[in-house]
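K.L.:
from the sequence below, what's the structure:
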Amino acid sequence: MSKNINLLFTGGGTGGHYFPAIAIAWKLKEALTTLYPQGDFQFYFIGSSFGIEAQRHEKDLFYKEFYLPIKGFARSFYKGALLNNIKFPFRFIRSTRTVKKIIKTINPTLVIATGGYVSGIPGRKAAKRNIPLYLQEQNAYPGVTTRLLVKHAHVLFYAYEDVIAHISLHPNLRLIQTPNPVRTSLKIIDQPTAQKAFSLNPTRKTLFIFGGSQGSVSINRELLKYAEAWTRDLPLQLLWQTGKNNFDWVKKSLKTTENIHLRPFIDEMGIAYSASDFI
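P.N.:
Modelled structure (predicted):
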């Protein structure tokens, strides 16, 4: 590997795609700077201006960020879905032009894509320029973007064996099964300190519920059937990440929130894990 390389990461829309990309970037940065202390390594990231990645404000970033005005095509009916789909072609064209300029400017040595609609355009543009493309798939059933890009990829890193049955294999594709990347910022601390951060009752057991960064409608609906009875009849309290879009209707659906600690989103997941007895 050259000691002077430009690495382009892309993936996002949700935390499930964004956080693995950043976790890989951190590890590569550590490894490369250790192996080649005098090397020149430039890191770049392409995300969506509508995704969770655009809402985060981390300090001391080691990579340069680019955000595309792209939003996924709505495959279900919800408020604003029709308008979103009408705008999609225009957003796609603008994003394609932006990516073309970015790749021409930074000339990446390789591209690492972790999924989500935003990684589709950079991944495809990289393939057209014969830039090595590496994919990382977190789920047992691969997303649309992974299924489209895998035909152009050099390597597919995957966590679950089920993925293989749902992708188009080609002779030049290398398959590597490896656990999902985990953020090094996730630190386990002592439980009393963690519970205090969420104003939890130390005399009750804590059950932590979450359905990804955007929440899960099905998990939230199911939990609503039992939450009040559990916290009334058992020495139990809930730390419940509903997802930003689900927070209001979940809160309104509860008759009481005693011993039910609702959060639309939890950024410090390490503290939430530390505070919990069950997840």
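
K.L.:
what's the neighbour count on T206?
P.N.:
Number of residues near T206 (other CB atoms under 10 Å) recorded here: 23. No exception for glycine: its C-beta is placed from N, CA and C like everyone else's.

K.L.:
and the one 5 residues further on, by the same measure?
P.N.:
Neighbourhood size, G211 [other CB under 10 Å]: 17.

K.L.:
what of A165?
P.N.:
A165: 9 neighbours (other CB under 10 Å).

K.L.:
for the one 10 residues further on, same thing?
P.N.:
Under the neighbour criterion other CB under 10 Å, L175 is assigned a count of 14.

K.L.:
hey, what's it bridged with?
P.N.:
Going by DSSP bridges, L175 is paired in beta bridges with L156.

K.L.:
OK, contacts around it?
P.N.:
If you count contacts by CB atoms under 8 Å, 6 or more residues apart in numbering, L175 has them with 155-156, 158, 164, 169.

K.L.:
ditto for F247
P.N.:
Counted by CB under 8 Å, 6+ apart, F247 has contacts 215, 262-264.

K.L.:
just M269 next, same as before
P.N.:
L186.

K.L.:
cool, G120 as well?
P.N.:
Applying CB under 8 Å, 6+ apart, we find G120 in contact with 145, 148-149.

K.L.:
wait, which of the contacts of F247 is closest to T178?
P.N.:
Nearest to T178 among these is G215, at 27.5 Å by CB to CB.

K.L.:
skipping its backbone neighbours, what lies nearest the closest one in space?
P.N.:
G243 (1.6 Å; CB to CB, 6 or more residues apart in numbering).

K.L.:
which SS class is the one you found?
P.N.:
Secondary structure for G243, judged by DSSP: H, G, I helix; E, B strand; the rest coil, is coil.

K.L.:
that one touches S218, doesn't it?
P.N.:
No: applying CB atoms under 8 Å as the test, G243 and S218 come out as separate, 11.4 Å apart.

K.L.:
between those two, which contacts overlap?
P.N.:
With CB under 8 Å, 6+ apart as the test, G243 and S218 both reach G211.

K.L.:
ok, the two, which is more surrounded?
P.N.:
Neighbours were counted for G243 and for S218 using other CB under 10 Å; G243 has more, 21 against 8.

K.L.:
and the more buried one, backbone torsions?
P.N.:
phi 100, psi 140 (degrees, to the nearest 10).

K.L.:
pull out the buried positions in the helix or strand bottoming out on mean pLDDT in the chain.
P.N.:
Lowest on mean pLDDT, DSSP states H and E among the helices and strands of the chain sits helix 81-106, with a mean of 87. For helix 81-106, a neighbour-count test (16 or more other CB atoms under 10 Å) marks 84, 88, 91-92, 95-96, 98-99, 102-103 as buried.

K.L.:
nearest to A272 among those?
P.N.:
Of all these, A272 sits closest to N84, with 30.9 Å by CB to CB.

K.L.:
okay, and for the stretch 51-200 of the chain, where does confidence drop off?
P.N.:
Scanning the stretch 51-200 of the chain for pLDDT under 70 picks out 57-60, 73-81, 84.

K.L.:
quick one, strands of it?
P.N.:
For the stretch 51-200 of the chain, applying DSSP state E, counting those that start in this stretch gives strands covering 63-68, 110-113, 133-137, 155-158, 174-177.

K.L.:
isn't there a strand covering L239?
P.N.:
Yes: read with three-state DSSP, L239 is one of the residues of a strand.

K.L.:
run through the residues that contact it.
P.N.:
Residues counted as contacts of L239 (CB under 8 Å, 6+ apart) are 198, 200, 206-209, 261, 263, 272, 275-276.

K.L.:
for K27, state which of these is nearest.
P.N.:
A272 (22.8 Å).

K.L.:
need phi/psi at the residue lying closest to the closest one once chain neighbours are set aside.
P.N.:
Spatial nearest neighbour of A272, chain neighbours left out: I266 (5.1 Å); criterion: CB to CB, 6+ apart. Dihedral pair for I266: phi -120, psi 120, per degrees, to the nearest 10.
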